[in-house]
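Peer 1: sequence unknown, structure follows:
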């Protein structure tokens with residue numbers, strides 16, 4: 001987490017010629033902005049949860065692909081048997 005030394009920031013702004021009230025206002029706004037951005041950061045737990053969810057989705061997709069392969073294989077055999085039975089293969 002970033003740290004903003006507000007007193008130092010106000011002092012630097014006033015030492016450079018800025019009015020103290022303006023320096024305090026700008027420093028407060030900057031601190032509020034920085035604080036609000038940290039709310040959006042993902043935690044380790046957030047990343048672990050997303051990782052687990054992704055792994056579960058991948059497992060589901062792999063299972064579906066295996067089922068489709070089995071179904072297509074079975075369909076191919078049925079088609080071949082039908083062709084042979086109807087005498088299309090010489």
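Peer 2: Alright, I've got the coordinates. None of the values given here were measured: they were computed from a predicted structure. Numbers count the residues shown, from 1 in each chain.
Peer 1: Quick check: what element follows the helix or strand of the chain with the lowest mean pLDDT along the chain?
Peer 2: Lowest mean confidence among the helices and strands of the chain (mean pLDDT, DSSP states H and E): helix 20-38, at a mean of 90. Following helix 20-38 in sequence order, the next helix or strand is helix 44-85 (DSSP states H and E).
Peer 1: Could you tell me the average pLDDT over that following helix, please?
Peer 2: On average, the pLDDT along helix 44-85 is 94.
Peer 1: ok now that helix, how far from the chain's centre?
Peer 2: Computed by Cα atoms, centre = their mean, to the nearest Å, the chain-centroid distance of helix 44-85 equals 24 Å.
Peer 1: Give me the domain ranges for this protein.
Peer 2: 6-38, 42-90 (automatic domain parsing).
Peer 1: now those domains in TSV, with mean neighbour count?
Peer 2: Bear in mind the C-beta positions are built from the backbone N, C-alpha and C, glycine included. As requested, the domains of the chain are arranged in TSV below (neighbours: other Cβ atoms under 10 Å):
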stretch	mean neighbour count
domain 6-38	13
domain 42-90	10
